[in-house]
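[1] Based on what follows, work out the 3D shape:
(one chain, ligands or ions: 2)
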Amino acid sequence: MSSEPSALLPLDTALERLLALADATPIIDCEEVTLDQAQGRVLADALLAGLDLPPWDNSAMDGYALNLADWQGEPLPVGQRLFAGSAPTLLQPGSCARIFTGAPLPEGADCVEMQENVEVLADGRVRFLQPLRTRQNVRPKGQETRIGDCVLAAGSRLGPIELGLAASLGQASLRVRRRPRVAVLSTGDELVEPGLPLGPGQIYNSNRRVLCSWLQRLGCTVVDVGILPDDAQATREALARLGEVDLILSSGGVSVGEADFLGQVLREAGELAFWKLAIKPGKPLTCGHYRGVPVLGLPGNPASTLVTFALLARPYLLRRLGVTSVVPLGFDVPSGFVWSKPGKRREYLRARVEQGRAVMYANQSSGVLLSAAWAEGLVEVRENTTFSEGDPVRFIPFSEVLN
Ligand SMILES: Nc1nc2c(c(=O)[nH]1)N[C@H]1C(S)=C(S)[C@@H](COP(=O)(O)OP(=O)(O)OC[C@H]3O[C@@H](n4cnc5c(N)ncnc54)[C@H](O)[C@@H]3O)O[C@H]1N2
Ligand code: MOO
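    Numbering: from 1, shown residues only. Ligands and ions are numbered 1, 2, ... in the order given. Down below sits the predicted model:
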């Protein structure tokens, strides 16, 4: 496979291909879960409002409800007191109702005045001090939803807001896509798990932690395979033990190294394509299947693992669950640095925003995970571009992808 710059695959093309693969292998099984179990899950069917919200006209203020149409400007006696949760009775002609925020408007009332704008006379009658408008301070029935409205599309990711909305409609449980089962493999004989002593030439396995934690946040069930030894037979056996998984996600061993036992074993029982992406970090990526199970192989450098997971593996997984909008949002901020050397690969700099300007971590080596811990997101530097300080650059906050 050529590694000529012209052969580099643009990120957008790689993403399109991955999303097409995801669309072809959706995870469609569903389960019903209570709202407290639904955090981070993907809604299986559109949620239709079973209620008008609010179910009745109600007051937006603590104050007094009256019938403006019949009122001549005179002080009004208070006929009833209505709290949120009260059941109102008909507003008697020539009276007003004491009403509190959220209480249903009594039939016959068409206006609420806030208590700050009235004077309560010694005999208990209420004098209205300001001009009034029909329907002022009234929250109309159905202003938020009408019965049958689609409030959440199928494929919505369920976060606090979506779950709150479902609760406001009286929904105790929701049908969601089942959790994807993702096998996480780390490759490389140099890797050691934290807690164990390091031998010569060894480093601690950080990608496993990054990927397992991230996948859990994404609502996946992680099948943590740990470190695969650099040995074909042991790798074969580890893969054969996997059981039912929806994705095999590995890190490391995807470049041109010679110790690519995982690749060898995957190829024996499947297919594997090597992609060279026009992004930095994260150039090498493998994509294929093992006995029909999709495989994504991320590059092993920690910042490369992070960037390829954020921009490719995460959208791919979400799309398999039916999420339509999978590309992280970014926004433009003035750059706090100069970019004078146009690159052939789109760069994702670990950066943060300080005093309204994007600043990057000084060491952008793909081996430095600390760059990402220091950063609050990624500055996207497009291919073949340069910019000066103050020019707008695209900033993708980590909060957009770390969920
Ligand atoms: N001759 C070439 N060499 C390399 C190329 C190339 O095009 N030609 N590409 C470079 C780029 S870019 C990247 S990215 C890496 C990708 O390498 P691999 O995915 O094969 O990863 P490894 O060689 O296994 O590891 C790279 C680096 O990352 C460390 N690593 C791996 N796994 C972990 C882990 N789980 N936790 C922490 N650190 C890990 C590993 O020790 C290496 O330092 O290849 C370049 N080389
Ligand atoms: O893609 Mo590599 O990730 O540039 O180090």
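
[2] Check the average confidence over the longest helix along the chain, would you?
    Assignment by DSSP state H gives helix 11-24 as the longest helix of the chain. Mean pLDDT, computed over helix 11-24, is 98.

[3] Next secondary structure after that helix?
    Counting by DSSP states H and E, the element after helix 11-24 in chain order, helix or strand, is strand 30-34.

[4] and the gap between the residue lying farthest from the centre of the chain and P104?
    The centre of the chain is farthest from one residue, D123, which by CA atoms, centre = their mean lies 57.7 Å away. Per CB to CB, to the nearest Å, D123 is found 27 Å from P104. To be clear about C-beta, it is placed using only N, CA and C from the backbone, and glycine gets the same treatment.

[5] Ok, V222 next?
    49 Å.

[6] For the stretch 51-200 of the chain, which residues are neighbours of ligand 1?
    Within the stretch 51-200 of the chain, the positions adjacent to ligand 1 are 186-188, 190-191 by CB under 6 Å from any ligand atom.

[7] Filter these down to just the ones in strands.
    Assigned to strands by DSSP state E, the following of these qualify: 186-187, 191.

[8] hang on, the earlier thing: any residue of the longest helix of the chain touching ligand 2?
    No - against ligand 2, helix 11-24 shows no contacts by CB under 6 Å from any ligand atom, the least distance being 12.0 Å.

[9] quick one: low-confidence ranges for this structure?
    1-6, 255-259 (pLDDT under 70).

[10] How many residues are close by the residue of the stretch 251-400 of the chain found nearest ligand 1?
    Residue nearest to ligand 1 within the stretch 251-400 of the chain (CB to the nearest ligand atom): G300, separated by 2.7 Å. Residues lying near G300 (other CB atoms under 10 Å) number 23.

[11] Likewise for A310?
    22.

[12] Could you do E354 as well?
    E354 is flanked by 10 other residues according to other CB under 10 Å.

[13] do the same with the one 3 residues further on
    Other residues near R357 come to 16 when the count uses other CB under 10 Å.

[14] Who are the contact partners of the nearest residue to it once chain neighbours are set aside?
    Excluding the flanking residues, the one nearest R357 by CB to CB, 6 or more residues apart in numbering is G336, at 3.4 Å. Residues near G336 by CB atoms under 8 Å, 6 or more residues apart in numbering: 354, 357-359, 389.

[15] residues touching P160, list them.
    Taking CB under 8 Å, 6+ apart as the test, what P160 contacts is Q39.

[16] Look up how far Q216 lies from it.
    18 Å.

[17] repeat for A14
    To Q216, A14 is 25 Å away according to CB to CB.

[18] ok, of the contacts of G336, which one's closest to H289?
    A358 (38.8 Å; CB to CB).

[19] W339 is in contact with the closest one, correct?
    No - applying CB atoms under 8 Å as the test, A358 and W339 come out as separate, 10.7 Å apart.

[20] Comparing those two, which residue is more hemmed in?
    Between A358 and W339, counted using other CB under 10 Å, A358 has the larger neighbour count: 24 against 19.

[21] Now for the more buried one: which residues touch it?
    333-337, 351-352, 379, 393, 395.

[22] Who has more neighbours out of A14 and Q216?
    Taking other CB under 10 Å, A14 and Q216 do not tie; A14 has more neighbours (23 against 14).

[23] That one contacts A313, correct?
    No - counting by CB under 8 Å, A14 does not reach A313; the two are 11.1 Å apart.

[24] So what does the residue farthest from the centre of the chain look like in phi/psi?
    Here is the backbone geometry of D123 (degrees, to the nearest 10): phi -90, psi 10.

[25] Could you do P77 as well?
    Backbone geometry at P77, expressed as degrees, to the nearest 10, gives phi -70, psi 150.

[26] what sits against it?
    Counting by CB under 8 Å, 6+ apart, P77 touches 94-96, 124-126.

[27] Same list, those residues, but as CSV with neighbour count, distance to T34 and secondary structure please.
    Formatted as CSV, these follow (neighbours: other CB atoms under 10 Å; distance: CB to CB, whole Å; DSSP: H, G, I helix; E, B strand; the rest coil):
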residue, neighbour count, distance to T34, secondary structure
G94, 14, 50, coil
S95, 19, 45, coil
C96, 28, 43, strand
G124, 9, 48, coil
R125, 15, 50, coil
V126, 22, 46, strand
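
[28] what's the closest of these to V182?
    Closest approach between the contacts of P77 and V182, by CB to CB: C96, at 62.1 Å.

[29] ok, the closest one touching E74?
    No - C96 is beyond contact range of E74, at 10.8 Å (criterion: CB under 8 Å).

[30] mind checking the end-to-end distance for stretch 349-369?
    12 Å (CA to CA, to the nearest Å).

[31] if you look at it, does any of it touch ligand 1?
    Yes - counting by CB under 6 Å from any ligand atom, ligand 1 is contacted by stretch 349-369 at 366-367.

[32] isn't there a helix covering R209?
    Yes - using DSSP: H, G, I helix; E, B strand; the rest coil, the assignment for R209 is a helix.

[33] Tell me how far it lies from L242.
    Taking CB to CB, one finds R209 at 20 Å from L242.

[34] try A172
    36 Å.

[35] Between those two, which is the more surrounded one?
    Set A172 next to L242 and count neighbours by other CB under 10 Å: L242 wins out with 16 against 10.

[36] Not counting sequence-adjacent ones, nearest residue to that one?
    Counting by CB to CB, 6+ apart, the nearest residue to L242 once its immediate chain neighbours are dropped is A183, at 5.3 Å.

[37] number of nearby residues for that neighbour?
    Neighbours of A183 (other CB under 10 Å): 23.

[38] and it, what element?
    strand 181-187.

[39] The helix or strand harbouring V222: what's the following helix or strand?
    Secondary structure assigned from DSSP H and E places V222 in strand 221-228. Counting by DSSP H and E, the next helix or strand C-terminal to strand 221-228 is helix 232-240.

[40] and whichever helix or strand comes after that next one, what other elements does it pack with?
    Moving toward the C-terminus from helix 232-240, the next helix or strand (DSSP H and E) is strand 247-251. Under the contact criterion of 3 or more CB pairs under 8 Å, 6 or more residues apart in numbering; DSSP states H and E, strand 247-251 touches strand 181-187, helix 207-217, strand 293-298.
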